[in-house]
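Q: Build the 3D model from these lines:
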Amino acid sequence: MRTRWILTTISLTLIWLLMAATVITFAQEATPTAQESELATGIPSAWITPLEIDFGPVGVGFSSAVHTVTIRNTGTTTLTNFAGGAPFDPQFNASQNCAGGVAPGASCSYFFRFSPMAVGVFTTTSNSSTNAGNFVIALRGQGVGAGLHVTPLSLDFGRVLSGATSATQAATIRNTGATTLTNFAGGAPFDQQFNASQNCAGGVAPGGSCQYFFSFSPKQIGVFSTTSNSSTNAGSFQIALQGEGTLLFAPLFNDKWVTPLELDFGPVGVGFTSPAQTVYITNTGMSLLTSFAGGAPFDPQFKAFQNCAGGVAPGAGCQYTFYFAPNSAGVFTTTSNSSTNAGPFVITLRGQGVGASHSVSPLSLDFGYVPVGNVSPAQVVTITNTSPTTLTNFAGGAPFDTQFNATQNCAGGVPPGDSCRYTFTFQPNALGRFTTISGSNTNGGPIVIQLAGGVAPPTLDMTFEPPLAVVGENVTLRYLLTNTNQSMAATGVAFNNTLPAGVKVASPANAAASSECNAPTLTAAPGSGSVAMTDAAIVAGETCVVTVEVYAESAGNFLNAAAASSVNGGASNAATATLTAQHVLNLPLIVR
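A: The predicted structure is shown next:
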């Protein structure tokens, strides 16, 4: 028996379960809850400026002037929940009057002060949180120690009878720093024939000076030299001392006594001239002291004048007067070499040329939201000359973005210790967030000021979940709108998304907005080809999520494109999402 296989074709239909089984033939708008139907009220928002403060150089142990940051409530509810704010570096001190809350339209302040405990440049931040979001204030400052300038550095007491005491000579110690010059130790000459006293032990305030007083009381004959070595909180210094003890004062025919022998002019601003310092030449011989030649310092930055050229009678004296007028920054040394009929003498000269420097604060300004075409209130940056020379050569300063305007009163130059101002305003010609810089050059270095204004629009992301579906099957279309501003709310947030042809709103639409959207109005009519939202408001840093059910009417790839906007920030980015839809498959089953 032959068994014949009979081929029978049976159509067996495999049906996938459709999630949207009912066809909706009428339009229905998503109905918000009673809470959602209210207007978006009670939105916290804040505008903070400035965002970066530089306290400049401040003496160790001293405190800077107070710098203020303004926090303005630009929202529709009380600005509250202030937390944090204390700088991480305790050398920066903060206080504020915001803790009780700030009503809409009102403002409060953070107050910062810099009290350095050590020498160096320090940076930190003040990080705060509020119900409107977080904000960060950058802080910087320079701790400056005491400065030490000593002159003269070498004294000669000439010939003194053994058992007698010379006239007193003094060295001046000046504080060129920003904190008290203290911790004086030492100073007694190693050779006890030289005597020393001083009035420095109580400390020397910035810009002040004190004196060391020296005399010579030889106990025997001969030429003696020693040093007075001292230390301070600004460093050490050494003063050279010399003198000759004699039993009988028998003057030589030609003789002279010159003191001091080494002068230090300390820091002097480039283009400025130091105070004068004097060297005394005494004729200790029996004949006229004459034939003065030379004396001009080899470095022309040091100037010399004298009244000795006509000759000096026995027992009389004349003077060399020196100045230091640096034409560049740096430390300079030279000598003044002279000859006379009593022999030559050499005066050592030194000085420091100091260039221009500045302190600029604040370094970052935010103008917040300004209506298009309006001009913001002015904000001011102060440039302080922290050097002993004139701050000049101001060039640039105009912001690169012409929506920011700048004026200044610095062009004529700023004397040492004085200040000038840059004044900025913001006049936007479009909605959005704008940032730029004001860059200037000076003889004290560049100045860079960060400028920002406006409100960033929300960013938009969009997805179909799942992205692959059967024709007619419901999928969730999800919109994510994020407010990227640091503390300012995005208000009047809206979008109107025309769905691609062939994609419709499902029934029910199940349109919903998360609480971060603050009760917007949603429009998603079943069977329609559009989804819209109006009147949302998003607190800084929050993400508003909107969902709606949609379906594809036919197979294919459907590219959905949309953009959002806000009243105070303008248009968002364009976002896209793709939905792929397939038909139900009818597969033949072959049986033998």
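Q: For Cys517, give me the backbone phi and psi.
A: phi -80, psi -10 (degrees, to the nearest 10).
Q: ok, it - contacts?
A: 481, 493, 533, 536-538, 544-546 (CB atoms under 8 Å, 6 or more residues apart in numbering). Yep, even glycine has a C-beta here, placed from its N, CA and C like the rest.
Q: Apply 6 Å and report the result again.
A: 536, 544 (CB atoms under 6 Å, 6 or more residues apart in numbering).
Q: same check, this time on Val268
A: Applying CB under 6 Å, 6+ apart, the residues near Val268 are 274, 324, 326, 351.
Q: Which residues does the second one form beta bridges with?
A: In other words, Phe324. Beta-bridge pairing for Phe324 (DSSP bridges): Phe302.
Q: how far away is the closest residue to Trp47 other than its chain neighbours from Asn374?
A: Once flanking residues are discounted, Trp47 sits nearest to Gly368: 3.5 Å by CB to CB, 6 or more residues apart in numbering. With distances taken as CB to CB, to the nearest Å, Gly368 is found 12 Å from Asn374.
Q: now do Ala83
A: In terms of CB to CB, Ala83 sits 33 Å off from Asn374.
Q: how about the strands of the stretch 451-592 of the chain, start to end?
A: Assigned by DSSP state E, counting those that start in this stretch, the stretch 451-592 of the chain shows strands spanning 459-465, 468-470, 475-482, 490-498, 503-505, 512-513, 521-523, 530-538, 543-552, 556-566, 570-582, 588-591.
Q: what mean pLDDT would you report for the longest one?
A: If I follow you right, that is strand 570-582. Regarding strand 570-582, the rounded mean pLDDT is 97.
Q: relative orientation of that strand and strand 543-552 in degrees?
A: Going by axes from the mean of the first three to the mean of the last three CA atoms, to 10 degrees, strand 570-582 is angled at 30 degrees with respect to strand 543-552.
Q: the inter-axis angle of strand 570-582 versus strand 556-566?
A: Interaxial angle, strand 570-582 versus strand 556-566 (the same axes, to 10 degrees): 160 degrees.
Q: what's the answer for the fourth one, then?
A: Compare the direction of strand 490-498 with that of strand 556-566 by the same axes, to 10 degrees and you get 160 degrees.
Q: got a list of contacts for stretch 119-136?
A: 44-46, 48, 79-85, 87-89, 91-92, 94, 137-143, 145, 486-487, 540-541.
Q: Select only the buried ones of those residues in ChimeraX?
A: Here is the ChimeraX command that picks out the buried ones among those, judged by 16 or more other CB atoms under 10 Å:
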select :44,45,46,48,79,82,85,87,89,91,92,94,137,138,139,140,141,142,143,145,486,487,540,541
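Q: Inside strands: which ones of the contacts of stretch 119-136?
A: Among the contacts of stretch 119-136, the residues falling in strands (DSSP state E) are 46, 48, 83-84, 92, 94, 137-143.
Q: Can I get these in a markdown table including distance to Ala564 and pLDDT?
A: Formatted as a markdown table, the ones in strands among the contacts of stretch 119-136 follow (distance: CB to CB, whole Å; pLDDT from 0 to 100):
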| residue | distance to Ala564 | pLDDT |
| --- | --- | --- |
| Ala46 | 22 | 97 |
| Ile48 | 25 | 98 |
| Ala83 | 31 | 97 |
| Gly84 | 31 | 97 |
| Phe92 | 40 | 98 |
| Ala94 | 37 | 97 |
| Ile137 | 31 | 98 |
| Ala138 | 31 | 98 |
| Leu139 | 36 | 98 |
| Arg140 | 38 | 98 |
| Gly141 | 42 | 98 |
| Gln142 | 46 | 98 |
| Gly143 | 49 | 98 |
